[in-house]
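J.: Quick one: sequence and predicted model below, then my questions.
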Amino acid sequence: MTGSLLVDNIGELVTNVAGEGEGGPLGIRHHAAVLVEAGRVAWIGPTRYAPAADRRIDAEGAAVLPGFVDSHAHLVFAGDRAAEFAARMSGQPYTGGGIRTTVGATRAASDDELRATVRRLRVEAMRQGTTTIEIKSGYGLTVADEARSLRIATEFTDETTFLGAHVVPAEYADRPDDYVGMVCGPMLAAAAPYARWIDVFCERGAFDVDHARAILACGQAVGLGVRLHANQLGPGPGVQLGVELGAASVDHCTHLTDADIEALASTATEDGGTATVATLLPGAEFSTRSPYPDARRLLDAGVTVALATDCNPGSSYTSSMPFCIALAVCEMRMTPAEAVWAATAGGAAALRRDDLGRLRPGAPADLMILDAPSHLHLAYRPGVPLIRQVLHNGVPQCRP
Ligand SMILES: [Zn+2]
């Protein structure tokens, strides 16, 4: 979109630039304005000093935040698992086995059907403030179906992740070594051109640590960054494997030992965070009635924490980052400021994107205007549609 755009009369501007204004890491400015030019933030300052612009959005005293960065989502699938959800809510435990149900539906779907689902969920997430979303494959589990899942994902995001090692598909149930060989060979070769990351579901009933290490190393060898699903259903070696391989993020972190926390803390960097981020996905615990991860323990050890939705049709069918913020605050003892940071700058760190999650000159103009005077309302008013307007690369998105 050409021309400049001024968002002014911002009551509370969260920049996530530490040392800027108040609020510690949130870098809060009051009575602020943001000038957007060519899709990027061109200027930030007090409304009364704001330069003229071609167009103007009056924030009317509301809060403005960086767009959410949802660093963990599984959007390429067909069908749903509402019946499985109902059974779980009637007392059956979650085992991850239902993934194979979605694999069958996904393989049977056309490209256009898969594309329509991704588009619907991408719009749904945008309306709730998500300007960047990571999208994984992992419901195809054949060479052709993983490659097409990622090809479709690239139409919606730059942050695509090859998750051929989601589960061992039924046709390989008796020969998991053969499946791992296929993932590392022809499947990776077909998927890598469309992927930035590689991921493994390292868990009992999915992939053990040796298989996970082999698969992630193959991905690294062709230039993919590492992230993994770790320590969701019970204690395990996933988090320490992630640290060993220099993963950008270990995701779930529901069951951690002291050694896991120490391993994450050992990746500390000069900027005060950790190179390996712990991404917490409270929508999954909520939707499976499982105990929440201990966010406080991670934060107190200096580990960088991100929040993401894990949007998928089985264990967490929500695209709502505000909902995850509310869970993190009310169920996981994160402060509202920690949760908002984790859902924005934290997600950017989990994707190793220095350009995202902060509002400062030169950054993409990805931001949201709330129907509320403060970021506190995201947790304080759970379930309420508080996102009034979203700008993505400076372009106003459809209103809710
Ligand atoms: Zn996941």
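T.: Alright, I've got the coordinates.

J.: Any idea how far apart the tips of stretch 19-34 sit?
T.: Terminal residues of stretch 19-34 lie 18 Å apart, using Cα to Cα, to the nearest Å.

J.: Give me the buried positions along that stretch.
T.: Neighbour-count burial for stretch 19-34, counted by 16 or more other Cβ atoms under 10 Å, picks out 20-21, 23, 25-29, 32-34. No exception for glycine: its C-beta is placed from N, CA and C like everyone else's.

J.: Among these, which one lies nearest to V222?
T.: The shortest approach to V222 among these belongs to P25, at 35.4 Å (Cβ to Cβ).

J.: quick revisit: in a markdown table: the buried residues of stretch 19-34, plus distance to A212 and pLDDT.
T.: Formatted as a markdown table, the entries for the buried residues of stretch 19-34 read as follows, by distance: Cβ to Cβ, whole Å; pLDDT from 0 to 100:
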| residue | distance to A212 | pLDDT |
| --- | --- | --- |
| E20 | 40 | 80 |
| G21 | 43 | 81 |
| G23 | 39 | 79 |
| P25 | 32 | 93 |
| L26 | 36 | 96 |
| G27 | 37 | 96 |
| I28 | 41 | 97 |
| R29 | 44 | 97 |
| A32 | 45 | 98 |
| A33 | 48 | 98 |
| V34 | 43 | 98 |
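
J.: Between these, which sits nearest T254?
T.: Nearest to T254 out of the buried residues of stretch 19-34 is P25 (Cβ to Cβ; 24.6 Å).

J.: Determine how far stretch 183-198 lies from the middle of the whole chain.
T.: The chain centroid and the centroid of stretch 183-198 are separated by 21 Å, computed with Cα atoms, centre = their mean, to the nearest Å.

J.: Could you tell me the end-to-end distance of it?
T.: Start and end residues of stretch 183-198 are separated by 11 Å (Cα to Cα).

J.: and that stretch, what's its mean pLDDT?
T.: If you average the pLDDT over stretch 183-198, you get 98.

J.: what sits up against it?
T.: 134, 137, 142-144, 146-147, 150-151, 153-154, 158-165, 214-216, 218-220, 222-227, 248 (Cβ atoms under 8 Å, 6 or more residues apart in numbering).

J.: Just give me the neighbour total for the residue nearest to G273 when sequence neighbours are not counted.
T.: Nearest in space to G273, with sequence neighbours left out and distances taken as Cβ to Cβ, 6 or more residues apart in numbering, is T304 at 3.8 Å. Applying other Cβ atoms under 10 Å, we find 26 residues neighbouring T304.

J.: how much space is there between T304 and A295?
T.: Applying Cβ to Cβ, to the nearest Å, the value for T304 to A295 is 12 Å.

J.: Only the buried subset of the contacts of stretch 183-198, as a ChimeraX command please.
T.: Buried members of those, defined by 16+ other Cβ under 10 Å, are picked up in ChimeraX with:
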select :134,137,142,143,146,147,150,151,153,159,160,161,162,163,164,165,214,215,216,218,219,224,225,226,227,248
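
J.: other SSEs contacting the longest helix anywhere in the chain?
T.: Criterion DSSP state H: the longest helix present in the chain is helix 111-127. Helix 111-127 is packed against helix 143-153, strand 387-392, with contacts defined by 3 or more Cβ pairs under 8 Å, 6 or more residues apart in numbering; DSSP states H and E.

J.: mean confidence for the longest one?
T.: The pLDDT scores in helix 143-153 average 98.

J.: I'd like the next helix or strand past that helix.
T.: strand 160-165 (DSSP states H and E).

J.: Can you tell me the strand partners of that next one and which way each runs?
T.: strand 135-136 (parallel), strand 197-202 (parallel) (DSSP bridges).

J.: May I see the domains of the chain written out as residue ranges?
T.: Domain assignment for the chain by the TED database gives 4-66+358-397, 68-351.

J.: who touches E155 in this structure?
T.: 115, 118.

J.: Start at 23, not 1
T.: Sure, I'll start counting at 23 from here, so that last one is E177.

J.: Report the separation between it and R142.
T.: Remark: distance between E177 and R142 (Cβ to Cβ) = 13 Å.

J.: T154 now?
T.: To R142, T154 is 18 Å away according to Cβ to Cβ.

J.: swap in L381?
T.: Taking Cβ to Cβ, one finds L381 at 28 Å from R142.

J.: what's the answer for V261, then?
T.: Counting by Cβ to Cβ, the separation of V261 from R142 is 33 Å.

J.: And D102, by the same measure?
T.: Taking Cβ to Cβ as the measure, D102 falls 12 Å from R142.

J.: For those two, indicate the residue with more neighbours.
T.: D102 (15 against 12).

J.: residue contacts, the nearest residue to the more buried one once chain neighbours are set aside?
T.: The shortest distance from D102 to any non-neighbouring residue, by Cβ to Cβ, 6+ apart, is to P335 (4.9 Å). By Cβ under 8 Å, 6+ apart, P335 lies in contact with 96, 99, 101-103, 124.

J.: Show the pLDDT at P335.
T.: Note on P335: pLDDT of 96.

J.: count of neighbours near N253?
T.: 26.

J.: How about the one 4 residues further on?
T.: Neighbours of P257 under the rule other Cβ under 10 Å: 13.

J.: What segments of the stretch 223-372 of the chain are strands?
T.: For the stretch 223-372 of the chain, the strands defined by DSSP state E, counting those that start in this stretch cover 247-252, 271-274, 299-302, 327-329.

J.: Partner strands of the longest one and their direction?
T.: The one in question is strand 247-252. By DSSP bridges, strand 247-252 pairs with strand 219-224 (parallel), strand 271-274 (parallel).

J.: Other residues contacting it?
T.: Under Cβ under 8 Å, 6+ apart, the answer for strand 247-252 is 183, 218-225, 228, 234, 238, 241-242, 258, 260-261, 263-264, 267-275, 301, 372, 374.

J.: Now do that strand: distance to the chain's middle.
T.: Computed by Cα atoms, centre = their mean, the chain-centroid distance of strand 247-252 equals 12 Å.

J.: follow-up on the earlier one: and the strands paired with strand 247-252: which comes nearest I79?
T.: strand 271-274 (33.4 Å).

J.: averaged over its residues, what pLDDT does that closest one have?
T.: For strand 271-274, the mean confidence score works out to 98.

J.: If anything else comes up later, I'll come back, but that's it for now.
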